[in-house]
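J.: based on what follows, work out the 3D shape:
(one chain, ligands or ions: 1)
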Amino acid sequence: MSRFFTEKYSSLIPYTPGEQPQDMQYVKLNTNESPYLPSQGVSEAVEKESRRLQLYSDPECVLLRKKMAEVFGVDFNQILMTNGSDEILNFAFMAFADEKRPLAFADITYGFYPVFAQLNHIPYTEIPLKDDFTIDINDYIGINKNIVIANPNAPTGICLEISDIEKIVESNPDNVVIIDEAYIDFGGESAIPLINKYDNLIVTGTFSKSRSMAGARLGFGIANEKLIADMNTVKYSTNPYNVNRMTSAAGIAALEDNDYYMDNCKKIQQTREWTVEQLKSLGFEVLESKANFVFAKNERISGEKLYTELKKNGVLIRHFTKEKICEYNRITIGTPEQMKILIDTIKKVMN
Ligand code: PMP
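T.: All right, here's what the predicted structure looks like:
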């Protein structure tokens with residue numbers, strides 16, 4: 001740390017992203033990327049837009065939001081586009097939470113929530129998941145705190161029913177409830193239709209997973225117009241051109257090719273079912289996942305050892321050191337070929 005770093009950030013523990021190794025080719029199953037390439041239309045749109053990079057991007061993302069409105073069945077003014085969904089989460093925390101309006105989220109969930117809370121000096125409560133890693137919705141009913149829930153949750157993959165989400169939103173009318181739907185396209189039901197009924201609900205989403213665009217950084221928030229306006233105040237006070245030209249063009253093209261991406265999601269769900277069966281037959285305990293990853297452990301090998309041994313053999317999965325989950329690993333669902341390699345390598349390692 002330099003002697004210039006301000007006191008307010010000196011104790012900040014930053015988020016640790018998953019490994020993005022540049023040294024060798026791994027079967028990369030550690031950061032929940034899509035194994036499928038972007039559609040042809042997306043590559044062409046990026047190519048074309050690259051010839052206009054001398055010009056700033058549209059800070060309002062008008063064309064992209066029009067397309068979003070069409071695909072998601074919401075109003076143009078109910079959408080805000082961001083640089084990955086991490087950015088919309090940060091904007092929402094900045095806009096709606098502070099010492100007087102603290103946050104609550106699960107003890108086992110997306111690791112960026114406590115980091116954004118600390119960054120913005122927002123007090124937060126971590127609500128323990130039940131022993132089976134499910135959320136007890138009673139812990140969130142009428143708690144008078146802002147709430148953020150990843151649905152499906154990460155790294156467990158477990159998904160709440162939409163009726164449970166609605167109970168939480170309805171019972172906290174004076175607080176904002178953020179539903180982080182980064183993984184919703186892999187089998188869960190989206191809360192987006194509820195935004196017209198509840199003025200305190202924000203649904204966030206991303207093009208990083210189901211739409212094969214992790215490297216382009218495109219996320220969004222969908223909510224009541226007034227909530228969007230408040231988050232825009234934060235956006236225009238930090239980074240008005242937060243979505244670059246190429247990403248914006250890629251986003252429009254991806255939505256035009258929506259069927260391609262939704263087909264990929266179906267393939268990933270099928271591959272997930274195959275992978276779960278295989279893992280179970282090898283003695284793994286696998287949580288029920290509605291995401292593009294599974295969370296699994298095996299009594300016969302520690303979580304850390306499995307992660308290390310697979311890495312030595314060219315297969316990268318995600319291991320977390322937090323005590324409650326350190327025996328588990330999170331494994332992204334890749335192509336059927338990649339998952340076959342995973343299973344074969346696990347067999348080799350366990351023998
Ligand atoms: N929410 C959850 C639950 C995630 O796992 C991730 C991916 N790390 C994100 C949000 C953010 O993804 P992105 O910024 O790529 O949209």
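J.: which single residue of the stretch 1-150 of the chain ends up nearest the ligand?
T.: Nearest to the ligand, among the residues of the stretch 1-150 of the chain, is Gly84, at 2.8 Å (CB to the nearest ligand atom). In short, each C-beta sits where N, CA and C put it, glycine included.
J.: is that residue in contact with Leu218, as I believe?
T.: Yes: using CB atoms under 8 Å, Gly84 makes contact with Leu218 at a distance of 6.9 Å.
J.: between the two, which is the more surrounded one?
T.: The neighbour count for Gly84 versus Leu218, taken as other CB atoms under 10 Å, is higher for Leu218 (26 against 22).
J.: so what's Ser11 up against?
T.: Counting by CB atoms under 8 Å, 6 or more residues apart in numbering, Ser11 makes contact with Gln118.
J.: and Lys130, how many neighbours?
T.: Going by other CB under 10 Å, the residues that sit close to Lys130 add up to 9.
J.: could you do Arg211 as well?
T.: Around Arg211 there are 28 other residues, counting by other CB under 10 Å.
J.: isn't there a helix covering it?
T.: No: assessed by DSSP: H, G, I helix; E, B strand; the rest coil, Arg211 does not belong to a helix; its assignment is coil.
J.: for it, give me the backbone phi and psi.
T.: Note on Arg211: its backbone torsions stand at phi -110, psi 20 [degrees, to the nearest 10].
J.: wait, it sits on Glu256?
T.: No: the criterion here is CB under 8 Å, and Arg211 misses it with Glu256 at 11.4 Å.
J.: alpha carbons of the longest helix along the chain, as CSV, please.
T.: When every helix of the chain is counted residue by residue (DSSP state H), the longest turns out to be helix 258-281. Below are the C-alpha coordinates for helix 258-281, written out as CSV (Å, rounded to 0.1, in the frame of the first residue of the first chain):
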residue,chain,number,x,y,z
ASN,A,258,-31.9,-14.8,-29.2
ASP,A,259,-33.1,-18.2,-30.4
TYR,A,260,-29.5,-19.3,-30.9
TYR,A,261,-28.6,-18.4,-27.3
MET,A,262,-31.7,-19.9,-25.8
ASP,A,263,-31.0,-23.2,-27.7
ASN,A,264,-27.5,-23.1,-26.2
CYS,A,265,-29.1,-22.7,-22.8
LYS,A,266,-31.1,-25.9,-23.4
LYS,A,267,-28.0,-27.7,-24.5
ILE,A,268,-26.2,-26.6,-21.3
GLN,A,269,-29.2,-27.8,-19.2
GLN,A,270,-29.0,-31.3,-20.9
THR,A,271,-25.2,-31.4,-20.4
ARG,A,272,-25.8,-30.4,-16.7
GLU,A,273,-28.2,-33.4,-16.2
TRP,A,274,-25.6,-35.7,-17.7
THR,A,275,-22.8,-34.3,-15.6
VAL,A,276,-24.9,-34.6,-12.4
GLU,A,277,-25.6,-38.2,-13.1
GLN,A,278,-22.0,-39.0,-13.8
LEU,A,279,-20.8,-37.1,-10.7
LYS,A,280,-23.4,-38.9,-8.5
SER,A,281,-22.3,-42.3,-9.9
